[in-house]
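Asker: below: sequence and its predicted model.
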Amino acid sequence: MELFINTKELSNELNKMQGIVSRASQGTIYTHVRFEAKGSTLTITATDNKMTLISHCENVRVVEEGSLCIKGKKILQIIKTVDGENTHLKASGVKLQLHSGSAKFDILECRDAWEFPQTRQLDSAAKIKVTSTALKRLIDETVFAISDELERASLIGANLEQCTNEEGYPVLRMVTTDGNRLSISETSFEGELNDEITNILNNMLIPKSALLELRKLCDSSGEEWIINFGVQEAEFQCDGTAFQFLLIEGHFPDYNRILSTLNLTNSAIVNRKQLQSIFKRVFAMVNRRDLSVSFGFSEDFLEISAENADFGTFKEQMGISFEGEELTIAFNLQYIQDVLNALREDFLRMELGGNISPCLVKNPESEDAKFIVMPMRIR
């Protein structure tokens, strides 16, 4: 294998691989990335046996076709240090010569390409398209509510489904819960999921690790993603990048039953940034092992209060628009903070029942995202 490639492009593509390479156990082939030069393309692949990322670098000057496995972290460290506009790579057996600018490296710690796990593209006619902006929003508005408790198999991933929104249009909906909160986000899309894929998704979940990796890829890829599903895996493609991962077997709870039981008779419009500012002061006060914070709603203001038995108490008021009966309710501070971080609008709507009923949070102008947070016991 011998080729010449733009150094910046190579660095960018290798940087995408680091989230997968860093998960690998030392001494395994998974700490390596696979280089394959063919035609005018360099294909770089990283995998940890659950997630696989394939990137195609086009317009590469390939002198000799071939393939080789190289330590993923080390090759990126080297590429980031060189100052040449282009990089020359030449393999000899399981050794690699790298030349860029005035720097020359002889890299010995390489492995044969045949040692690397085989990858394949999914073959399905049920492909859908989602914009990168919409995909980022889906993930941002849901990933934080996925449970980290591995024994709760139905909650350790995101539920993805095709459904009809309140206006009668088909949407792609992502739903997550950890048992204490529920996040729902939906977006328009192109295409359609057939009955076979729908049945698969009814019994499979998208793992949190894959969503976090996909979210990072959205920041460094193009404007549109093509999504494809197999029996136990999914593939997201965008501008020469293909991200594949295994789905988790699990049946997501019937969240519609929770929505149907809500009795929300009170409503408040709250300035999101002002509430975030107050939360900074609350976090400075509370004990991180006890994040219970009281929200006192009245006609003209919301009073936030917290207590730290070892340190003291905190209270602060902010103006709101409120309709309903005055009430005081307690929430886990981090749960509300996660919702504030996920939303981008200046204001949010909080809909409440009594002080022991769940709270529904959403954008006052849109139904694209909904968040349900369970209350805590008031002291």
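Answerer: Ah, there it is.
Asker: residues near residue 59, how many?
Answerer: Here the count is done by other Cβ atoms under 10 Å, and residue 59 has 10 residues near it. The C-beta positions use only the backbone N, C-alpha and C, and glycine is treated the same way.
Asker: can I assume it is in contact with residue 42?
Answerer: No. With the criterion set as Cβ atoms under 8 Å, residue 59 and residue 42 do not qualify as a contacting pair; they are 9.7 Å apart.
Asker: low-confidence ranges, the stretch 51-200 of the chain, go.
Answerer: Counting by pLDDT under 70, the stretch 51-200 of the chain has low-confidence residues at 123-126.
Asker: so, low pLDDT: which residues of the stretch 251-379 of the chain?
Answerer: Across the stretch 251-379 of the chain (using pLDDT under 70), the flagged ranges come out as 379.
Asker: show me where it has strands.
Answerer: Under the criterion DSSP state E, counting those that start in this stretch, the stretch 251-379 of the chain carries strands at the ranges 266-271, 292-297, 301-308, 312-319, 321-323, 327-332, 347-352, 359-362, 369-373.
Asker: how about those in JSON lines, adding distance to residue 235 and mean neighbour count?
Answerer: Below are the strands of the stretch 251-379 of the chain laid out as JSON lines (distance: least, Cβ to Cβ, whole Å; neighbours: other Cβ atoms under 10 Å):
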{"stretch": "strand 266-271", "distance to residue 235": "40", "mean neighbour count": "18"}
{"stretch": "strand 292-297", "distance to residue 235": "42", "mean neighbour count": "20"}
{"stretch": "strand 301-308", "distance to residue 235": "45", "mean neighbour count": "18"}
{"stretch": "strand 312-319", "distance to residue 235": "46", "mean neighbour count": "13"}
{"stretch": "strand 321-323", "distance to residue 235": "46", "mean neighbour count": "16"}
{"stretch": "strand 327-332", "distance to residue 235": "36", "mean neighbour count": "19"}
{"stretch": "strand 347-352", "distance to residue 235": "35", "mean neighbour count": "21"}
{"stretch": "strand 359-362", "distance to residue 235": "32", "mean neighbour count": "22"}
{"stretch": "strand 369-373", "distance to residue 235": "25", "mean neighbour count": "23"}
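Asker: could you dump those strands into TSV and include distance to residue 203?
Answerer: Rendered in TSV, the data for the strands of the stretch 251-379 of the chain read as follows (distance: least, Cβ to Cβ, whole Å):
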stretch	distance to residue 203
strand 266-271	37
strand 292-297	36
strand 301-308	42
strand 312-319	45
strand 321-323	42
strand 327-332	30
strand 347-352	32
strand 359-362	28
strand 369-373	24
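Asker: so for residue 13, which of those strands sits nearest?
Answerer: Set against residue 13 and scored by Cβ to Cβ, the strands of the stretch 251-379 of the chain come closest in strand 369-373, at 32.4 Å.
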